[in-house]
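Asks: Whatever this is, show me its structure:
(chains A and B)
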Amino acid sequence: MASGDWLGLKEELPHQRKILLTVLSFLVPLLLWCAVSYIPWLWHPLIKVTVVGDVDYFTEDMELPRADFQHEWEKVRAAGGTLPEGIRVNPVYLPAPHEVARAFYTAFTTEPRLPNEPWLHQSLGHSIRTILWGFFISSLFGVPLGILCGTYRFFSRLQEPFIEFFRYLPAPAFGALCVAVLGIDDGPKIAIIFIGTFFQQILVISNTVRKVDPALIEAAQTLGARGWKLVRGVVIPAAITDIYTDMRILLGWAWTYLIVAEVVGTMSGITFFINQQARYRNFDNVFAAIGMIGIIGLTSDMFLAWLSTVLFPWKRKHRRRKAKPIAISMVASQNRGEANPRETSAVTSPSEQISDITPLPPIAASADATTNPART
Amino acid sequence: MSLATLALPDYHDQSTEVAARFQRIKQRPVVLSVNNLCKSFGPPGHEHVVFDNLSFDIHRREFITIIGPSGCGKSTFIRAVAGLDESSGGEILLDGKPVSGPGPDRGMVFQGYTLFPWRTVKENVMFGLELQGKSSGLAESEARQWLEMVGLSRFEESYPHELSGGMKQRVAIARALANEPRILIMDEPFGALDALTRCKMQNYLLQIWKRVDVTILFITHDLDEAIYLSDRILVLGVNPGGAREFIENPVPRPRTVAQLLSPEFLAVKARLDELIHTPASEDEEDKLPVIKMTAAGDEVE
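Replies: I've put the predicted structure just below:
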């Protein structure tokens, strides 16, 4: 591999560079944020008053636009009074990184202001529960229906035209209806996540199943598979890894429906927490809570990605090949003398030559045992 | 030098042993019988006829190769025998019973390897055995025997993506044979392999064929491969589609690579060449319009 080429097309990057780039992908936005927060002459559109001076309406810690402050300052100077002083600050809705970092911890330890309000960890737990229920119920019906539609034209034609229509209806539009039917607690929230996921799920999974290599199905048919055994033995296993990937993406979509779902009925979960903190102007907590959603989403996806290598061992790229050393030693010991007048310039990969030189064992007994005794 | 200019024997001439062998083959029972088979595509009145009135018998443990230019319907025919496509008319009888739909009595090996990637090599071979309702223990021990026969016992726990092309195709052969089909249909099985591996696979296939009670129907577009492997060669043509000739291969068995230059071999090859490369098709396709994109005098030949 050509090292030094950072922009090689389709070229696998060395491990160290991959890690470096991963760190950078988080570090660059963070550095931008730090720059805006800590370098006083970058943005900082407001002035926070530290010395009131001779301006009537100024109070300590008051924040106002720079131009207004400048205007007052010049008026006072012209009048010859005590000059006001102030420092440049960012608006309250852009807290500095260290404040948000601190909030990641303090948000969990801050007692709710009202006795019946949930703690942050309770809010998060509530949100995760809502998502998992919605996604679970959706998958319970969506996955089998998707496989059915992908396998049989009959079901595809019977269901998909309606689903194509229904998936354009925005899930939040059903909010009022869901509340009317299911009450104001978790029912309508789960229902909205269900509506948002279910119809996409059927279409995405049926498309995935339709992409199964028809040659695999034909091969199975010539081996005697038909009907349900063909679906269970070939169609589903052939599509299962792609269905799993679809499910990971769909779970990500379910999170985007969460915030809408949680404002339906009584506001709950992480949305309630975010709204409440915004009302108290604790924007560091707001940022921390949004960040937590990202962290939960990313770690759960990384977990699912790892889980897939456990569930689907045939998808692993690198696997120790115990057969290889044996095959290599055979090449060394074997005399490759057979003439091949038909091919003079065939170039094969080393693995191809090694593996295909394995001779057929001179057995007749084992074949006899499994074939008809009659032979010529 | 073209093959036609060599002084070659008539490809109809057979040595006594070869003639006796064909006599023996003809006395064996007929496994596959094709009667007036035809296939056409398109709306009625504007059909494109792929082949018409195809009729022949194949005897038990015969090795038949089918050869023809692209578009002659080799694959269409073989897929009809496998039951994957329906024919437009005529009938295909396997052991006297008409064929309808795919079944385990007709094994098939495809050009693309079509191994199940989620199953290990051993589990791939077990697939058909499990469908027959055999217990997993029995299926496993039988699968091991078949893998031993194709020389891949060491790789029984590997997944298909860890194997080379030639090995994958040997697994596919073992998987098809494990069902003990009456006939093994092979659709350009070595077409995707490099020439060296291909030659080895041909020898493997001949060895396997000798040890197993199976009749082989083998499609190829390679003249050498068709002659090297076969007892008889069915030549299909285009415009009009259908059988050109069913050649009894005079090259004696056992086959060795040295025979590739023997007079009988070259005689058959010359005949195949003649049947497949008709002058009409060469006129249309081989000549390019005379447009020159290089400087005058800058010739490569």
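Asks: The particular helix or strand that has A:Ile128 in it - contacts with which helices or strands?
Replies: Here A:Ile128, judged by DSSP states H and E, is contained in helix A:120-151. Packing partners of helix A:120-151 (3 or more Cβ pairs under 8 Å, 6 or more residues apart in numbering or on different chains; DSSP states H and E): helix A:97-109, helix A:153-166, helix A:186-210, helix A:236-262, helix A:269-279, helix A:283-311. Just so you know, the C-beta spots here come from the backbone N, C-alpha and C atoms, and that holds for glycine as well.
Asks: Out of those, the one nearest chain B is which?
Replies: helix A:236-262 (4.6 Å; Cβ to the nearest Cβ).
Asks: Is that closest one in proximity to chain B?
Replies: Yes: using Cβ under 8 Å from any Cβ of the partner chain, helix A:236-262 reaches chain B at A:237-238, A:240.
Asks: which parts of that helix are buried?
Replies: A:236-244, A:246-247, A:250-251, A:254-255, A:257-262 (16 or more other Cβ atoms under 10 Å in any protein chain shown).
Asks: Check the offset of that helix from the chain's centre.
Replies: Chain-centre distance of helix A:236-262: 9 Å, with Cα atoms, centre = their mean, to the nearest Å.
Asks: and what of stretch A:74-87?
Replies: On Cα atoms, centre = their mean, the centre of stretch A:74-87 falls 54 Å from the chain's centre.
Asks: hmm, back to that, let me have the helices and strands packed on helix A:120-151 in TSV, extended by distance to B:Asp95 and mean pLDDT.
Replies: Below are the helices and strands packed on helix A:120-151 laid out as TSV (distance: least, Cβ to Cβ, whole Å; pLDDT from 0 to 100):
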stretch	distance to B:Asp95	mean pLDDT
helix A:97-109	76	89
helix A:153-166	34	93
helix A:186-210	36	94
helix A:236-262	32	92
helix A:269-279	69	90
helix A:283-311	44	92
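Asks: so which of those helices gets nearest A:Asn116?
Replies: helix A:269-279 (11.7 Å; Cβ to Cβ).
Asks: what secondary structure does whichever residue of chain B sits closest to chain A sit in?
Replies: Nearest to chain A in chain B, going by Cβ to the nearest Cβ, is B:Pro104, at a distance of 3.4 Å. Judged by DSSP: H, G, I helix; E, B strand; the rest coil, the three-state class of B:Pro104 is coil.
Asks: Now for it: which residues touch it?
Replies: A:222-224, B:128, B:131-132, B:179, B:181 (Cβ atoms under 8 Å, 6 or more residues apart in numbering or on different chains).
Asks: Mark which of these are buried, thanks.
Replies: Among the contacts of B:Pro104, those classed as buried by 16+ other Cβ under 10 Å are A:222-224, B:128, B:131, B:179, B:181.
Asks: hang on, the earlier thing: hey, what's the angle from the helix holding A:Ile128 to helix A:236-262? Just curious.
Replies: Counting by axes from the mean of the first three to the mean of the last three Cα atoms, to 10 degrees, helix A:120-151 points 140 degrees away from the direction of helix A:236-262.
Asks: What mean pLDDT does helix A:120-151 get?
Replies: For helix A:120-151, mean pLDDT is 94.
Asks: Quick one: distance of it to the chain centre.
Replies: The chain centre lies 15 Å from the centre of helix A:120-151; the measure is Cα atoms, centre = their mean.
Asks: how about that helix: buried residues?
Replies: Neighbour counts using 16+ other Cβ under 10 Å place A:120, A:123-124, A:126-128, A:130-131, A:133-135, A:137-139, A:142-143, A:145-151 of helix A:120-151 among the buried residues.
Asks: With respect to A:Phe26, which of the contacts of B:Pro104 is nearest?
Replies: For the contacts of B:Pro104, the closest approach to A:Phe26 (Cβ to Cβ) belongs to A:Leu223, at 50.0 Å.
Asks: Tell me if I'm right that that closest one and B:Arg175 touch.
Replies: Yes: between A:Leu223 and B:Arg175 there is a contact at 6.9 Å, judged by Cβ atoms under 8 Å.
Asks: what touches both of these two?
Replies: With Cβ under 8 Å, 6+ apart, A:Leu223 and B:Arg175 have common neighbours B:127-128.
Asks: Highest mean neighbour count out of the helices and strands packed on helix A:120-151?
Replies: helix A:186-210 (a mean of 24; mean count of other Cβ atoms under 10 Å in any protein chain shown).
Asks: which stretches of chain B form strands?
Replies: B:30-41, B:48-59, B:63-67, B:89-94, B:97-98, B:106-109, B:183-187, B:215-219, B:232-237, B:242-248 (DSSP state E).
Asks: So which of the ones you listed is the most surrounded?
Replies: Comparing the strands of chain B by mean count of other Cβ under 10 Å gives strand B:106-109 as most buried, with a mean of 26.
Asks: and that strand, what does it pack onto?
Replies: Judged by 3+ Cβ pairs under 8 Å, 6+ apart, the packing partners of strand B:106-109 are helix A:214-222, helix B:74-82, helix B:165-178, strand B:183-187.
Asks: quick one on the thing from earlier: and the residues of helix A:236-262 next to chain B, which is closest to B:Val238?
Replies: A:Ala238 (34.9 Å).
Asks: which residues does the closest one contact?
Replies: By Cβ under 8 Å, 6+ apart, the contact set of A:Ala238 is A:212-213, A:216, B:116-118.
Asks: List only those of those residues flagged as buried.
Replies: Applying 16+ other Cβ under 10 Å to the contacts of A:Ala238, the neighbour count classes A:212, A:216, B:116-118 as buried.
Asks: Tell me the one of these nearest B:Ile66?
Replies: A:Leu216 (24.1 Å).
Asks: Thought A:Ile236 was touching the closest one, still the case?
Replies: No: assessed by Cβ under 8 Å, A:Leu216 is found out of contact with A:Ile236, at 11.8 Å.
Asks: Would you tell me which one of the helices and strands packed on strand B:106-109 is buried the most?
Replies: Highest mean neighbour count among the helices and strands packed on strand B:106-109 (mean count of other Cβ under 10 Å): helix B:165-178, with a mean of 26.
Asks: okay, that one in CSV with CA atoms only?
Replies: This file holds the C-alpha atoms of helix B:165-178, laid out as CSV (Å, rounded to 0.1, in the frame of the first residue of the first chain):
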residue,chain,number,x,y,z
GLY,B,165,-12.8,-19.8,-7.1
GLY,B,166,-11.8,-23.3,-8.0
MET,B,167,-12.4,-24.5,-4.5
LYS,B,168,-15.9,-22.9,-4.4
GLN,B,169,-16.8,-24.7,-7.6
ARG,B,170,-15.7,-28.0,-6.1
VAL,B,171,-17.9,-27.4,-3.1
ALA,B,172,-20.8,-26.6,-5.5
ILE,B,173,-20.2,-29.9,-7.3
ALA,B,174,-20.1,-31.8,-4.0
ARG,B,175,-23.3,-30.0,-2.9
ALA,B,176,-25.1,-31.0,-6.1
LEU,B,177,-23.8,-34.6,-6.1
ALA,B,178,-24.7,-35.1,-2.4
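Asks: still on that earlier bit, if we only consider the contacts of A:Ala238, which is nearest to A:Ile47?
Replies: For the contacts of A:Ala238, the nearest to A:Ile47 is A:Val212 (64.9 Å; Cβ to Cβ).
Asks: Quick check: phi and psi on that closest one?
Replies: The phi/psi pair for A:Val212 (degrees, to the nearest 10) reads phi -60, psi 130.
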